[in-house]
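>>> Show me the folded form of this:
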Amino acid sequence: RIPGKLTDRKTPLGELNWIFTAITDTIAWNTLPSLLFQRLFRQDLLVASLFRNFLLADRILRSQGCTPCSVPSLPSTWNHGLWRSWDLAVETCLNGLIRSG
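Below you'll find the model as predicted:
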């Protein structure tokens with residue numbers, strides 16, 4: 001379990017949540033048509049959260065040979081270069097927790 005609160009950026013969990021939001025929003029901004037990005041990621045907080053999590057699920061499931069789908073259909077984002085930044089953030093966080101006991 002990663003300690004902290006999602007809403008508190010000063011905690012490991014809050015920092016990862018902030019990084020996840022920034023990375024997934026940037027991937028979507030770079031990949032989706034402008035109007036679709038605005039509709040899915042800026043008009044409703046719940047819808048934005050669902051689609052951010054879909055982007056992550058798409059990445060994880062494709063690595064296991066599954067191809068998820070969404071409505072509306074989204075272009076492929078699973079191999080976007082910014083996912084390496086997410087991997088680094090998670091790895092850094094987990095290594096820090098392991099070192100601190």
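
>>> What count of nearby residues applies to the residue nearest to residue 63 when sequence neighbours are not counted?
Nearest non-adjacent residue to residue 63, counting by C-beta to C-beta, 6 or more residues apart in numbering: residue 78, 7.7 Å away. Backbone N, C-alpha and C define where each C-beta goes, glycine included. Neighbourhood size, residue 78 [other C-beta atoms under 10 Å]: 17.

>>> distance of residue 78 from residue 62?
Separation of residue 78 from residue 62 (C-beta to C-beta, to the nearest Å) stands at 4 Å.

>>> now do residue 76
As judged by C-beta to C-beta, residue 76 and residue 62 stand 8 Å apart.

>>> do the same with residue 41
Between residue 41 and residue 62 the computed distance is 21 Å (C-beta to C-beta).

>>> between the two, who's got more neighbours?
For the pair residue 41 and residue 62, the greater number of neighbours falls to residue 41 (20 against 15), based on other C-beta under 10 Å.

>>> Go ahead and confirm the more buried one touches residue 30.
No - using C-beta atoms under 8 Å, residue 41 makes no contact with residue 30, being 11.9 Å away.

>>> joint contacts of those two?
Overlap between the contact sets of residue 41 and residue 30, as judged by C-beta atoms under 8 Å, 6 or more residues apart in numbering, is nil.

>>> Run the chain-centre distance for the host helix or strand of residue 40.
Counting by DSSP states H and E, the element that carries residue 40 is helix 34-41. Centroid displacement of helix 34-41 relative to its chain, using C-alpha atoms, centre = their mean, to the nearest Å, is 16 Å.

>>> swap in stretch 21-39?
A distance of 11 Å separates the C-alpha centroid of stretch 21-39 from that of its chain, computed with C-alpha atoms, centre = their mean.

>>> now the end-to-end length of it.
One end of stretch 21-39 to the other measures 16 Å (C-alpha to C-alpha, to the nearest Å).
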